[in-house]
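[1] below are the sequence and a predicted model; questions follow.
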Amino acid sequence: MSLSAMPQLSNANLFAALCAGFPADLQSVALETDAGAYYSWQDLLDASAMMANMLESLELPAGARIAVQVEKSVEALMLYLATLRAGLVYLPLNTAYQSAEMAYFIEDAKPAVVVCAGANFGWLSKLAFVAGTAYVFTLNEDRTGSLLERAAQFGRSHTVAHCSANDLAAIIYTSGTTGRSKGAMLSHGNLLSNARVLQKKWGWRSVEQGGDVLIHALPIFHVHGLFVAIHGALLNGSKMIWLAKFDPQAVLRHFAHATVFMGVPTLYVRLLGESGLTRDAVRNMRLFISGSAPLLIETFTDWQARTGHTILERYGMSETIMLTSNPYFPREGVRLGGTVGPALPGVQLRVVGDGDQPLPVGEVGAIQVKGPSVFLGYWNMPEKTAEEFTADGFFKTGDVGRVDAQGYATIVGRSKDLIISGGYNVYPAEIEGYINALPGVAESAVVGVPDPDFGEVGVAVVIAKAGVVLDPASILAQTKAILANFKIPKRCYVVKELPRNAMGKVQKNLLRAQYRTA
Ligand code: MLC
Ligand code: AMP
C-alpha cells in the first residue's frame, strides 16, 4: 500500500482531546488568577505551542522525561500542556522536596530536561547534570526565567505530536512502603479515558448549557490537582479560577462566581472554620467534590448543615486515577457519607481475602481494581510492578474496604503502612530511615494519629543508643533540614523501648493508641 493510501491513524494524544473541548470563542477567559490576571483559550494554545516548539527543538529522544519542580502558575500549566503536545513525558515534583529527595527522583527518572525555580537552580542543576540531564531551565511564579525567554523565540503554530493510547504521558512518583518512591507510569489513554468518564459522571456543563467555572485551589504536582481538576475543566471548555495557594477566605469570595470546587478534606475543614461559609455564599455553586483522603462524616454533615450542599466523595490513587465516585445525578442514587460510591464505568473493583479470593458482599478485605485508567507499571521496577498485580490482572491498591449490595465502596483502612496528612502521603518507613540515621538514634517508629486539621499526622517514637540523651525537638529540627515539610512528624517522643509482638515486630497499633493525644 502506498503511504498516501494508508488509513489516517487518529491521534490519541491527550492534548488533542482537551483542545477539542475548548469553546468556540477562543478569546473568552480560560483562567483568572488570584493576582488578577486573565488568560484566554487562545493564550493557552499559543503559549503551549511556543513551549512545545522549544522542547521539540531540543531533539530529545522519544519518551524523554521533563521533570518540573516549580510553584503553581498558569505558565506551569502551559508547560504541562506543551509537554503533552510535544509527545514527551511530564514528571511533576512536589515543591516541598529538598535536595536528598530531588537527587533520588532525578537519578531514578533520568530526565532529559529539568525545570525549576530560579532560586533552586544552583543546587538542582548540579544534581541534574551529574545524572545526565541535558537541559535545566528556570520558571518563576512572576513569569520570569529561562524557560519563557527561550520559548519566546519560537512560533505559535505547532502540530500536535502523534501518540497512541498506550504512549507514556506522565510519571507520578508515589512513596513506597519500603521507603523507596516509585514512579507510576500513566499513558495518554489512561488519562483521557478517566477524564471522559468523570466529565459525564459529574455532569460538567458545556458552554451552551450555561457552562461551569472551577475553583482550582490544589497543588498541580499530584493526580488530584493536575489531572482530575485540570482535565475536567479543559475537556469541557470551562473557565478556571486559578489560585496559587489554598486560602479559605479567597475561596469563599470566589464561590459567588464559580460552580465547581474540588478539595482534599482539610480544605473543607478549614472552610468550615470560616463564619462566612453560609448558604448564601455558595448559592451559585453546583458541586463540591472531595477526595485523596477519608472525609470524616462530621465534615460531610456539617457541610450539609451549613451550605445545603452534599459533598460528593470519590476515591482514587496515582496508579489508577479515579476509581469510584458517589453519584452526581439524583437519578443515579444518593451521595452516601462515609462511602466513596460505586466503581466508575469501566472499572472493575473487587474485595478479596487471602489468596485473592473475592469475598461476599459487605465483607471487609483488600481492594483490587482493573480498568482503562490503571497505570502501565512502575518506572524501571518490573519486579515491583509484577508483585502489585494479581495473576488475572487486578492491581492491588493496598486499601482495605467493603462493597455493599448497592455497589457502594467504603474504605475502612490500609494494608500499606501509610499516613495521609492533609491529602499528602507520608510513608513511615521513609521517615524512620532518616531518623534512624541521625546521630545517637538506635531505632524509631513513626505512626499516624488523628488530627482535626490534617485528618492524620505523624508522630515519631524514638529510642536512643546506649548512653546517649536525645532531645525530641532536635530530632524534629534535623529531619526538617532534610525532608519535605509535610513529612515532618508533628510530635516526637524519646522512649526506653518499643512495644513488640512475639515475632519482635513493633506493634504500631499500640503506639497509635498510646500517642493519639498529645
Ligand atoms: C503543610 N504542612 C503539612 C501539610 N501541609 N503537614 C502535614 N500535612 C500536610 N498536608 C506543614 C507546613 O509545612 C507547616 O509546617 C505546617 O504543616 C502548617 O502548614 P500550613 O500553613 O497549615 O499548610 P498549608 O500551606 O496551608 O498547606 C495545607 C494544605 C496543603 C492542606 C493546603 O497540604 C495541600 O494543598 N494539600 C493538598 C494535597 C493534595 O493535593 N493531595 C492530592 C494527592 S493525589 P511548618 O513547620 O513549616 O510550620 C491523591 C489521589 C487522589 O491522593 O485520590 O486524589
Ligand atoms: P496517592 O498515592 O497520593 O495517589 O494516594 C492514594 C491513596 O489515597 C489511596 O490509595 C487511598 O488510600 C487514599 N484515598 C484517596 N481517596 C480517598 C478517599 N476518598 N477516602 C479514603 N482514602 C482515599
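    Looks like it arrived, so ask away. None of the values given here were measured: they were computed from a predicted structure. Ligands and ions are numbered 1, 2, ... in the order given.
[2] which residues touch the residue positioned nearest the centre of the chain?
    Centroid check for the chain by CA atoms, centre = their mean gives His222 as the closest residue, at 2.3 Å. By CB atoms under 8 Å, 6 or more residues apart in numbering, the contact list for His222 reads 92, 94, 172, 292, 318, 423-424. From N, CA and C alone the C-beta is placed, and that goes for glycine too.
[3] one more pass at 10 Å, please.
    His222 is in contact with 92, 94, 172-174, 228, 264, 292, 318, 423-425, counting by CB atoms under 10 Å, 6 or more residues apart in numbering.
[4] sort those residues by pLDDT and name the bottom one.
    Minimum pLDDT across those is recorded for Thr174, with 91.
[5] burial measure for that one, as a count.
    Here the number of neighbours of Thr174 (other CB atoms under 10 Å) works out to 17.
[6] quick check: bridge partners of it?
    Lys182 (DSSP bridges).
[7] OK, contacts around it?
    Thr174 touches 181-184, 222-223, 317-319, 378, 418, 425, 427, counting by CB under 10 Å, 6+ apart.
[8] up against ligand 1, what does the stretch 51-200 of the chain have?
    Proximity of the stretch 51-200 of the chain to ligand 1 (CB under 6 Å from any ligand atom) involves no residue at all.
[9] indicate the residue of the stretch 51-200 of the chain located nearest to ligand 2.
    Scanning the stretch 51-200 of the chain for the residue nearest ligand 2 gives Thr174, at 4.2 Å (criterion: CB to the nearest ligand atom).
[10] what packs against the helix or strand harbouring Val68?
    Secondary structure from DSSP states H and E places Val68 in strand 65-69. Where contact means 3 or more CB pairs under 10 Å, 6 or more residues apart in numbering; DSSP states H and E, strand 65-69 is packed against helix 74-85, strand 89-92, helix 99-109, strand 113-116, helix 121-130, strand 135-138, strand 168-174.
[11] swap in 8 Å and give it another go.
    Counting contacts by 3 or more CB pairs under 8 Å, 6 or more residues apart in numbering; DSSP states H and E, strand 65-69 packs against helix 74-85, strand 89-92, helix 99-109, strand 113-116.
[12] any chance of those in JSON lines, plus mean neighbour count and distance to Gly132?
    Listed next are the helices and strands packed on strand 65-69 as JSON lines, based on neighbours: other CB atoms under 10 Å; distance: least, CB to CB, whole Å:
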{"stretch": "helix 74-85", "mean neighbour count": "25", "distance to Gly132": "19"}
{"stretch": "strand 89-92", "mean neighbour count": "24", "distance to Gly132": "15"}
{"stretch": "helix 99-109", "mean neighbour count": "18", "distance to Gly132": "9"}
{"stretch": "strand 113-116", "mean neighbour count": "26", "distance to Gly132": "11"}
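[13] format the ones you listed as CSV; extra columns: distance to ligand 2.
    Shown next, in CSV, are the helices and strands packed on strand 65-69 (distance: least, CB to the nearest ligand atom, whole Å):
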stretch, distance to ligand 2
helix 74-85, 17
strand 89-92, 12
helix 99-109, 15
strand 113-116, 22
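[14] turn those into CSV, columns for distance to Phe454.
    What follows is the helices and strands packed on strand 65-69, written out as CSV (distance: least, CB to CB, whole Å):
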stretch, distance to Phe454
helix 74-85, 25
strand 89-92, 22
helix 99-109, 20
strand 113-116, 27
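[15] out of those, nearest to Asp356?
    Asp356 sits nearest to helix 99-109 of all the helices and strands packed on strand 65-69, at 29.5 Å, using CB to CB.
[16] what's the angle from the closest one to strand 65-69?
    Comparing the axes of helix 99-109 and strand 65-69 via axes from the mean of the first three to the mean of the last three CA atoms, to 10 degrees yields an angle of 170 degrees.
[17] pretty sure Phe288 is in a helix, no?
    No - according to DSSP: H, G, I helix; E, B strand; the rest coil, Phe288 belongs to no helix; its state is strand.
[18] what residues are up against it?
    Taking CB under 8 Å, 6+ apart, one finds 260-261, 263, 268, 303, 307, 309, 311-312 in contact with Phe288.
[19] what about 7 Å?
    For Phe288, the contact set (CB atoms under 7 Å, 6 or more residues apart in numbering) comprises 261, 309, 311-312.
[20] now, which of the contacts of Thr174 lie within helices?
    Residues of these located in helices (DSSP state H): Val223.
[21] any chance of the contacts of Thr174 in a markdown table, plus distance to ligand 2?
    Output for these, formatted as a markdown table (distance: CB to the nearest ligand atom, whole Å):
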| residue | distance to ligand 2 |
| --- | --- |
| Ser181 | 10 |
| Lys182 | 10 |
| Gly183 | 12 |
| Ala184 | 8 |
| His222 | 6 |
| Val223 | 5 |
| Met317 | 3 |
| Ser318 | 4 |
| Glu319 | 7 |
| Tyr378 | 12 |
| Leu418 | 7 |
| Asn425 | 4 |
| Tyr427 | 10 |
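[22] partners of the strand holding Val68 in the sheet?
    Paired with strand 65-69 in the same sheet, following DSSP bridges, are strand 89-92 (parallel), strand 113-116 (parallel).
[23] quick one: it to helix 121-130, angle?
    Counting by the same axes, to 10 degrees, strand 65-69 lies at 160 degrees to helix 121-130.
[24] export strand 65-69 as PDB, just CAs?
    These are the backbone C-alpha positions of strand 65-69, laid out as PDB (Å, rounded to 0.1, in the frame of the first residue of the first chain):
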ATOM      1  CA  ARG A  65      11.100  13.000  30.700                       C
ATOM      2  CA  ILE A  66      10.600  16.700  31.600                       C
ATOM      3  CA  ALA A  67      10.900  16.900  35.300                       C
ATOM      4  CA  VAL A  68       9.300  20.000  36.800                       C
ATOM      5  CA  GLN A  69       9.600  21.400  40.300                       C
END
